[in-house]
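Engineer: show me the folded form of this:
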Amino acid sequence: MARNLYILAGTLLLFALISCGMTLIGNGQTGLPGNGSLWKTTSLFLTLGGLVIALFGVMTAMFEQVDRRAEERRFQERLGMRSRKPRS
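Structural biologist: Model (predicted):
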């Protein structure tokens, strides 16, 4: 799931860069949609959204790793207890 969040964050950051570029191009050209402040605001929100989603992706990857290691530890403990069983 973390990989999907990374892809989403990258897409949002790409759109934020495109919006930031529209603020530079939009001021001198006629016929482009919107004004500079609209593109700046859109770029800001897309950047913040991308960064927050990237943070969620990092946290998800960390928790998945903790779960995986805990599962491996439980499996190793179960194998260890079976081999230590006293024989009658």
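
Engineer: okay, CA-based contacts and neighbour counts for the rest of this
Structural biologist: Noted.

Engineer: quick one: the helices in the chain, in order.
Structural biologist: In the chain, the segments counted as helices under DSSP state H are 2-26, 36-83.

Engineer: which of the ones you listed sits most buried?
Structural biologist: Compared across the helices of the chain, helix 2-26 shows the largest average neighbour count, a mean of 18 (mean count of other CA atoms under 10 Å).

Engineer: average pLDDT across that one?
Structural biologist: Regarding helix 2-26, the rounded mean pLDDT is 90.

Engineer: just the angle between that helix and helix 36-83, please?
Structural biologist: With axes from the mean of the first three to the mean of the last three CA atoms, to 10 degrees defining the directions, helix 2-26 sits at 170 degrees from helix 36-83.

Engineer: for helix 2-26, give me every contacting residue.
Structural biologist: With contacts defined as CA atoms under 8 Å, 6 or more residues apart in numbering, helix 2-26 is touched by 32-37, 39-40, 42-47, 49-51, 53-54, 56-58, 60-61.

Engineer: could you rerun that using 6 Å?
Structural biologist: With contact meaning CA atoms under 6 Å, 6 or more residues apart in numbering, helix 2-26 is reached by 32, 36, 39, 43, 46-47, 50, 53-54, 57, 60-61.

Engineer: Phe56 - nearest residue in space that isn't next to it in sequence?
Structural biologist: Once flanking residues are discounted, Phe56 sits nearest to Leu5: 7.3 Å by CA to CA, 6 or more residues apart in numbering.

Engineer: and the gap between that neighbour and Ala61?
Structural biologist: From Leu5 across to Ala61, the span is 10 Å (CA to CA, to the nearest Å).

Engineer: next: Arg3.
Structural biologist: Distance, Arg3 to Ala61, using CA to CA: 8 Å.

Engineer: pLDDT wise, what is Lys40 at?
Structural biologist: Lys40 is given a pLDDT of 88.

Engineer: before we move on, what about Ser83?
Structural biologist: Looking at Ser83, its pLDDT stands at 67.

Engineer: can you name the residues that contact the most centrally placed residue in the chain?
Structural biologist: The centroid of the chain falls nearest to Ala54 when counting by CA atoms, centre = their mean (2.7 Å). Shown in contact with Ala54 (CA under 6 Å, 6+ apart): 6, 9.
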